[in-house]
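1. just the structure for this:
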Amino acid sequence: MFWSRKSAAPPPPPVTLAPKTFEPLDAFRENFPLAGTVALDRCPVCGGSEIGRLWQLPQSHLGAPTYLNSPGSPFHDFYLDYLPLLKVPQQIFVFDICRFCHSVFRNPKDDDQASYANDTSKVEAFKSQGTGSFTGIANLCEKRFPRSTRTVVDAACGAGQALAILRERHPELQLMGLELSRPSVDFMGSIGISAAAADLDLDELDSIVAPGTVDFILFYEAFEHVRQPVTVLKKLVRMLRRGGRLHFTAQYYGPESSLQVRVGEPIYIDRHGLDWVVSQLDADIHDLTVNIKFRVTLQKR
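-> Predicted coordinates for the structure are as follows:
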């Protein structure tokens, strides 16, 4: 067998940046206002205090989702609702990076929880579009159910679309939705799906779902939207029985991802960060898919 002795080309030397002579986001705040209302002094993932500015992105809201048309690519049909347009005024979105866990996060960020509590968009989507777009999520859950699954929780479940599909396919399952939006919880109750209003960050969840009683938990498209994702994951793992599984997604940056940064996704992690997150949990990785997101299935020890 032939082994090449060639080594990779060394990286170019670092460029020394000229010192700033003024702060443009202050001097031109009328034309380029800073987006976000909550300033963070620590990383939302690990709590580290060594954080610094990485990205400064101009973005304009498009008014309606624009879908990427790239058949065969992993980001085909993904939507964008912001793009950098040559117009003013134009908001500037700033992302910091954590020196310890490498998480990239919006800072300042929006107060998502304030808007989610009364959000009706998921109910409206369920009524107008049905559950078709959640078929893939339901299929994914079924493939990752541990043996003898009886109890399934969907945390940050929207209006219960995935649960509605699972109920139709598996009427014997005990299903529960946890959701911050009160209109969504009320809607799920009206169609016979058990649901509870819960702030996953702040609420004590043991009284809603007893520890050690759940076979499978879905936490989809929510890691980046809670205040402290590791705190939430610990609460969810606590619900699982030994051998139970939790599937979650997280916005990913690294070699396998080429999707544009979307300012509505306020946290991105790399593999170093994912490994740190998992190290904080009483669970191991059972299955991992990496493309434009991390798609992680954990199994409780």
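2. what helix or strand is the nearest residue to Phe95 once chain neighbours are set aside located in?
-> In this structure, Phe95 finds its nearest non-sequential neighbour in Trp55, 4.1 Å apart by Cβ to Cβ, 6 or more residues apart in numbering. In short, each C-beta sits where N, CA and C put it, glycine included. Trp55 is part of strand 51-67, with elements assigned from DSSP states H and E.
3. now do the buried residues in stretch 236-254.
-> Of the residues in stretch 236-254, those scored as buried under the neighbour-count criterion (16 or more other Cβ atoms under 10 Å) are 236-241, 244-253.
4. also stretch 118-127?
-> Of the residues in stretch 118-127, Asp119, Lys122, Val123, Phe126 count as buried by neighbour count, 16+ other Cβ under 10 Å.
5. is it possible to get JSON lines of these that adds distance to Ile137?
-> Conversion of these to JSON lines gives the following (distance: Cβ to Cβ, whole Å):
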{"residue": "Asp119", "distance to Ile137": "19"}
{"residue": "Lys122", "distance to Ile137": "14"}
{"residue": "Val123", "distance to Ile137": "18"}
{"residue": "Phe126", "distance to Ile137": "14"}
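6. any chance of these in TSV with secondary structure, pLDDT and distance to Ala27 as columns?
-> Below are the buried residues of stretch 118-127 laid out as TSV (DSSP: H, G, I helix; E, B strand; the rest coil; pLDDT from 0 to 100; distance: Cβ to Cβ, whole Å):
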residue	secondary structure	pLDDT	distance to Ala27
Asp119	coil	94	36
Lys122	helix	96	41
Val123	helix	98	44
Phe126	helix	98	46
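7. this protein: helices as residue ranges?
-> Along the chain, counting by DSSP state H, helices occupy 24-27, 112-116, 121-129, 135-144, 161-169, 182-190, 229-239, 271-279.
8. just the buried residues of the last one, please?
-> When burial is assessed from 16+ other Cβ under 10 Å, helix 271-279 yields the following buried residues: Arg271, Gly273, Leu274, Trp276, Val277, Val278.
9. one more: the second one?
-> Residues Asp112, Gln113, Tyr116 are the ones in helix 112-116 that count as buried (16+ other Cβ under 10 Å).
10. which of these lies closest to Pro84?
-> Pro84 has its nearest neighbour among those in Asp112, at 22.4 Å by Cβ to Cβ.
11. leaving out chain neighbours, which residue sits closest to that closest one?
-> Take Asp112 and drop its neighbours on the chain: the residue closest to it by Cβ to Cβ, 6+ apart is His225, 5.3 Å away.
12. so where's this protein shaky on pLDDT?
-> By pLDDT under 70, the weakly predicted segments of the chain are 1-8.
13. quick one: the strands in it, in order.
-> 51-67, 79-83, 91-98, 104-106, 151-155, 174-179, 195-197, 214-219, 240-251, 267-268, 283-290, 293-300 (DSSP state E).
14. list the residues that contact Pro89.
-> Residues in contact with Pro89, defined by Cβ atoms under 8 Å, 6 or more residues apart in numbering, are Glu30, Asn31, Phe32, Pro33.
15. repeat that with 10 Å
-> Listed by Cβ atoms under 10 Å, 6 or more residues apart in numbering, the contact partners of Pro89 are Phe28, Arg29, Glu30, Asn31, Phe32, Pro33, Ser60.
16. from those residues, keep the buried residues only.
-> Among the contacts of Pro89, those classed as buried by 16+ other Cβ under 10 Å are Phe32.
17. how is this protein divided into domains?
-> Here the chain is described, according to automatic domain parsing, as comprising the domains 24-109, 115-300.
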